[in-house]
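Colleague: Okay, sequence plus prediction incoming.
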Amino acid sequence: MNLDYIIQIGKPMLEGAQTTILLFFIAIIASIPLGFALTLMARSSVKPLAWFAGVYIYVMRGTPLLLQMLFICFGLPVLPVIGEYLVFDRFVAACLAFVLNYAAYFAEIFRGGLLSIDKGQYEAAQVLGLSRWQTMVRVILPQMFRVALPAVSNESITLIKDTALLYAVAVPELLHFAHTAVNRDFTIMPFVIAGIIYLLMTLVLTLLFKYLERRFKFQ
């Protein structure tokens with residue numbers, strides 16, 4: 001096994017890693033605000049909203065992400081009447097599945113963060129004359145984020161690994177190119193390289209979140 005071979009298989013695998021990273025950023029950027037919106041809905045005094053959010057979170061957390069992705073890719077297009085309007089590019093369908101799934105997990109993380117905040121914080125904000133919006137933005141959200149950050153970190157690392165599920169819907173990402181090289185060359189080295197690339201990505205995330213945890217800890 002020489003360096004030339006590693007460079008040869010490493011180039012397409014790094015191109016596949018770009019798809020992995022793109023999916024990660026799309027899922028994180030979209031699912032975190034959606035998850036927080038679901039948290040607010042679940043805590044709403046409007047019963048239909050709270051019921052919808054509760055059912056949504058239960059369904060998305062209670063069924064496999066792979067099943068959800070396959071349903072969006074291959075199930076929606078065969079629905080009667082509306083199926084023809086629900087045909088998505090496979091990468092787009094995968095992004096949609098990841099966003100909808102992880103939003104439910106982030107919703108539970110944020111719910112736990114909100115529950116950890118003492119009710120006296122709300123009362124103190126009222127005494128100071130802060131509006132509900134000001135109370136949420138200036139008092140509650142910073143504390144909630146500090147409490148929820150370790151769980152968000154763990155979920156983000158899980159997300160970067162779950163991107164390998166793209167392989168199931170034939171989207172050419174990191175694992176796809178690694179498996180292709182293994183079948184072609186009869187060597188496990190592509191899997192080893194893929195594992196190293198995943199470890200590097202999770203290392204970057206781990207360092208980033210540790211920095212954020214240290215920063216928010218002393219605020």
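Modeller: It's in. Computed from a predicted model, the values in this text were never measured in an experiment. Numbering: from 1, shown residues only.
Colleague: How many residues are close by residue 163?
Modeller: Residue 163: 24 surrounding residues under other CB atoms under 10 Å. C-betas here are computed from N, CA, C, even on glycine.
Colleague: ok, now which ones touch it?
Modeller: 20, 23, 24, 98, 173, 174 (CB atoms under 8 Å, 6 or more residues apart in numbering).
Colleague: just for this structure, where's the confidence low?
Modeller: 1, 217-219 (pLDDT under 70).
Colleague: Let's see that with 90 instead.
Modeller: The chain contains residues with pLDDT under 90 at 1-16, 40, 43-45, 79-88, 112-148, 167-177, 179-181, 183-189, 212-219.
Colleague: Take stretch 141-151, keep the C-alpha atoms, and write them as PDB.
Modeller: Only the C-alpha atoms of stretch 141-151 are listed here, as PDB (Å, rounded to 0.1, in the frame of the first residue of the first chain):
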ATOM      1  CA  LEU A 141     -32.300  32.300  25.900                       C
ATOM      2  CA  PRO A 142     -28.700  32.900  27.100                       C
ATOM      3  CA  GLN A 143     -29.300  30.700  30.100                       C
ATOM      4  CA  MET A 144     -31.100  28.000  28.100                       C
ATOM      5  CA  PHE A 145     -28.300  28.000  25.500                       C
ATOM      6  CA  ARG A 146     -25.700  27.600  28.200                       C
ATOM      7  CA  VAL A 147     -27.500  24.600  29.700                       C
ATOM      8  CA  ALA A 148     -28.400  23.000  26.300                       C
ATOM      9  CA  LEU A 149     -24.900  23.500  24.700                       C
ATOM     10  CA  PRO A 150     -23.400  20.100  25.800                       C
ATOM     11  CA  ALA A 151     -26.400  18.200  24.500                       C
END
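Colleague: Figure out the helix or strand that the nearest residue to residue 9 once chain neighbours are set aside lives in.
Modeller: Computed as CB to CB, 6 or more residues apart in numbering, the closest residue to residue 9 that is not its neighbour in sequence is residue 181, at 4.7 Å. Using DSSP states H and E, residue 181 sits in helix 174-185.
Colleague: helix or strand right after that helix?
Modeller: Following helix 174-185 toward the C-terminus (DSSP H and E): helix 189-217.
Colleague: Just the buried positions in that next one, please.
Modeller: 189, 190, 193, 194, 197, 198, 201, 205, 209, 212 (16 or more other CB atoms under 10 Å).
Colleague: tell me the contacts of residue 170?
Modeller: Taking CB under 8 Å, 6+ apart, one finds 90, 176 in contact with residue 170.
Colleague: same thing but 7 Å
Modeller: Counting by CB atoms under 7 Å, 6 or more residues apart in numbering, residue 170 makes contact with residue 90.
Colleague: Cheers, nothing more for now.
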